[in-house]
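S.K.: Here is my input, please return the structure:
(one chain, ligands or ions: 2)
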Amino acid sequence: MGFFELNHITNVFGISGLLQVISLFGLLLLLSKAAQYYLHRQWLLKCLEQFPSTPSHWLFGNLIKDQDLQQTLLWVEKFPTTCSKWFWGNNPSVMIYDPDYMKLILGRSDPKPIKSYGFFVPWIGYGLLLLEGKKWFQHRRMLTPAFHYDILKPYVGIMADSVHVMLDKWEQLAGQDSPLEICQHVSLMTMETIMKCAFSYQGSVQLNDCGNFRSYVEAVEELTHRVHSRARTAFHQSNIIYNLSSSGRAFHRACRVAHEHTDRMISMRKAELENEGELEKVKKKRRLDFLDILLLAKMQDGKSLSDEDLRAEVDTFMFEGHDTTASGLSWIFYALATHPEHQQRCREEVQSILGDGTAVTWDHLDQMPYTTMCIKEALRLYPPVPAIARELSTPVTFPDGRSLPKGFMVSLSFYGLHHNPRLWPNPEVFDPSRFAPNAARHSHAFLPFSGGARNCIGKQFAMNELKVAVALTLLRFELLSDPTRVPVLVQRSVLKSKNGIYLRLKKLK
Ligand code: HEM
Ligand SMILES: *[C@@H]1O[C@H](CO)[C@@H](O)[C@H](O)[C@H]1NC(C)=O
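M.R.: Ligands and ions are numbered 1, 2, ... in the order given. As a prediction, this is how the structure comes out:
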């Protein structure tokens, strides 16, 4: 509006009149927004009539900070198969924990919701975890050979070496007889494993130069926490506001630390491949590792993989490849420490096949049935990825006839599924016999690695690492719990303990 017109209007209405008109418009706008909000909420409540829940605040939802898992247990008990949860405002999600519901949703191809997964983007970009559609399919096909068993086989030796480095450190520390917080050690160990296996890294992660890696591991801790809580905070939805908040600043700071680390890894490997000898060596390999596949795809046909794509895949695998496995292993150690009788039975099994354990190989891994049962039972009680989510791309009708329209968010609670008393009697009891070879169960009752087309690509890799680590650890240490420090479960994208996991380690003769 030009100065002249403004002048003209003020002449007609006078200054105060103009202000009145403006505030009237403002008020009308606000009222119409409020009415829209109200009507949308009524519609949501109608859709969710058949999906009961505890009362929800109109703005703050009904999730209690850091209590997702404890709330899930209450809801699973109270509302069979499903319930609804409200993140904030008009953002509900239908939470499912019934195997037939899981089967139905995992068999469809609904995308991952922007409202939760989107917050990962500034950090891990559009790698395999976040890609959708055709590009996801292309990348999945390109990277699947990196998990072929010919590739995974020699990794067993690398995994064993990383585990021994950790156990050597523990031997130094165990002398002190005070309980040891194990999660940070385990994270550095799984970090070393993924660095050496997938990224052809030659140096040491756990020893001398671990400053760099420790800051990366700490950044990941910060990032998973921030992403998880952002989805639950009404005021952190807008990028502008989030950026101004202290959480947002901490998130971006940690992002920079993580990116510096991955950029360093990429440029190191690129520089190595530029040495002709190395490139020829790689091309002669019968099977390429993860980073080689990406870099060669990039060098041979730069168009198929942009720099951004490459970085996203590296960030994705660096994170997914170590953090979930570290969580899984830490909780397995805790479960074994709190169940000495099962721990001893595993130890005897491992001793019978490995002797002193100096040479663990691929073939040993399927000769430890009892240890495998204990690992699975720990993954049931403590699923490293407690929940995932989808946004319905078409309406869905559940097996019992209830239905939801397109656009709704569904959260698949693996934690709820694994603690569902209708599937797992006395769900809180650690009982490895649930996974005995002859035990029957629903195909979708146990899903630590999710299921369907978007299941975990690293499942076999992870299971191998867990077996190697458990076997070698039990040969060298007795794990004892510290009853004065019971871990408090908390969901930070990945399952963590709020107060760490403290164990006493007794060196075996
Ligand atoms: C105990 C360890 C692990 C657990 C419990 C686990 C669990 C999962 C789950 C539940 C998903 C589905 C995510 C979703 O739908 O949003 C997933 C996907 C994925 N995981 Fe894992 N994971 C583990 C280890 C690994 C490892 C070691 C790697 C890599 C080396 C890896 C790489 C991935 C990738 C890239 C995806 C996305 C796959 C896709 O969408 O095509 N994971 N994982
Ligand atoms: C928020 O901050 C990050 C990093 O500082 C920046 O990349 C991004 O563009 C910012 N977004 C907005 C909407 O300001």
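S.K.: Put the alpha carbons of the host helix or strand of residue 140 into CSV.
M.R.: Taking DSSP states H and E as the criterion, the element that holds residue 140 is helix 133-143. Taking only C-alpha atoms (Å, rounded to 0.1, in the frame of the first residue of the first chain), the coordinates of helix 133-143 have been written out as CSV:
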residue,chain,number,x,y,z
GLY,A,133,9.9,-44.8,-3.4
LYS,A,134,12.0,-45.4,-6.4
LYS,A,135,15.2,-44.0,-5.0
TRP,A,136,14.9,-46.0,-1.8
PHE,A,137,14.5,-49.1,-4.0
GLN,A,138,17.6,-48.3,-6.1
HIS,A,139,19.8,-47.7,-3.1
ARG,A,140,18.6,-50.7,-1.3
ARG,A,141,19.4,-52.8,-4.3
MET,A,142,22.8,-51.2,-4.7
LEU,A,143,23.7,-51.7,-1.0
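S.K.: could you say what helices and strands it packs with?
M.R.: Counting contacts by 3 or more CB pairs under 8 Å, 6 or more residues apart in numbering; DSSP states H and E, the secondary-structure elements packed against helix 133-143 are helix 290-300, helix 307-320. All C-beta atoms are positioned from the backbone trio N, CA, C, and that covers glycine.
S.K.: ranking the ones you listed by mean pLDDT, which is last?
M.R.: Ranked by mean pLDDT, these end with helix 290-300 at the bottom, a mean of 80.
S.K.: which outside residues touch that helix?
M.R.: Residues outside helix 290-300 that contact it (CB atoms under 8 Å, 6 or more residues apart in numbering): 142-143, 145-146, 197-200, 265-266, 269-270, 273, 282-283, 285, 288, 304-305, 307, 310, 313-314, 317.
S.K.: same question, stretch 32-40
M.R.: Around stretch 32-40, the neighbours that count as contacts under CB under 8 Å, 6+ apart are 89-90.
S.K.: quick one, helices of the stretch 251-400 of the chain?
M.R.: Under the criterion DSSP state H, counting those that start in this stretch, the stretch 251-400 of the chain carries helices at the ranges 276-284, 290-300, 307-320, 323-338, 340-354, 369-381.
S.K.: Tell me the buried residues in the third one?
M.R.: In this case it means helix 307-320. Applying a neighbour-count criterion of 16 or more other CB atoms under 10 Å, one finds 309-320 buried in helix 307-320.
S.K.: How about stretch 494-509?
M.R.: Judged by neighbour count (16+ other CB under 10 Å), stretch 494-509 contains these buried residues: 494-497, 500-505.
S.K.: next one: stretch 473-481
M.R.: Result for stretch 473-481 [16+ other CB under 10 Å]: buried residues 473-479, 481.
S.K.: Could you look over the helices of the stretch 251-400 of the chain and pick the most buried one?
M.R.: The highest mean neighbour count among the helices of the stretch 251-400 of the chain belongs to helix 323-338 (a mean of 25), with neighbours defined as mean count of other CB atoms under 10 Å.
S.K.: Could I have the CA atoms of that helix written out in CSV?
M.R.: Below are the C-alpha coordinates for helix 323-338, written out as CSV (Å, rounded to 0.1, in the frame of the first residue of the first chain):
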residue,chain,number,x,y,z
ASP,A,323,24.2,-47.2,18.0
THR,A,324,21.5,-49.8,17.8
THR,A,325,24.0,-52.7,18.2
ALA,A,326,25.6,-50.9,21.2
SER,A,327,22.2,-50.6,22.8
GLY,A,328,21.3,-54.2,22.1
LEU,A,329,24.6,-55.5,23.5
SER,A,330,24.6,-53.4,26.6
TRP,A,331,21.1,-54.6,27.5
ILE,A,332,22.1,-58.2,26.7
PHE,A,333,25.0,-57.9,29.2
TYR,A,334,22.6,-56.4,31.7
ALA,A,335,20.1,-59.3,31.2
LEU,A,336,22.9,-61.9,31.7
ALA,A,337,24.3,-60.1,34.7
THR,A,338,20.9,-60.2,36.4
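S.K.: by how many degrees do it and helix 369-381 diverge?
M.R.: Relative orientation of helix 323-338 and helix 369-381, computed by axes from the mean of the first three to the mean of the last three CA atoms, to 10 degrees: 110 degrees.
S.K.: low pLDDT regions in the stretch 301-450 of the chain?
M.R.: 301-304 (pLDDT under 70).
S.K.: Close to ligand 1: what parts of it are there?
M.R.: 316-317, 320-321, 324-325, 328, 384-385, 388, 448-450 (CB under 6 Å from any ligand atom).
S.K.: Pull the distance from stretch 157-166 to the chain's centre.
M.R.: 23 Å (CA atoms, centre = their mean, to the nearest Å).
S.K.: Which positions in that stretch come out as buried?
M.R.: The neighbour-count criterion (16+ other CB under 10 Å) identifies 158-160, 162-166 as the buried residues of stretch 157-166.
S.K.: could you measure residue 28 against residue 284, distance?
M.R.: Computed as CB to CB, to the nearest Å, the residue 28 to residue 284 distance reads 73 Å.
S.K.: And for residue 473?
M.R.: 36 Å.
S.K.: now do residue 469
M.R.: To residue 284, residue 469 is 32 Å away according to CB to CB.
S.K.: and if you look at residue 96?
M.R.: Between residue 96 and residue 284 the distance is 49 Å, computed by CB to CB.
S.K.: repeat for residue 257
M.R.: From residue 257 over to residue 284 the distance is 36 Å, taken as CB to CB.
S.K.: Would you format the helices and strands packed on helix 133-143 as a markdown table with distance to residue 369 included?
M.R.: What follows is the helices and strands packed on helix 133-143, written out as a markdown table (distance: least, CB to CB, whole Å):
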| stretch | distance to residue 369 |
| --- | --- |
| helix 290-300 | 30 |
| helix 307-320 | 28 |
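S.K.: can I get those helices in CSV with distance to ligand 2?
M.R.: Listed next are the helices and strands packed on helix 133-143 as CSV, based on distance: least, CB to the nearest ligand atom, whole Å:
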stretch, distance to ligand 2
helix 290-300, 24
helix 307-320, 14
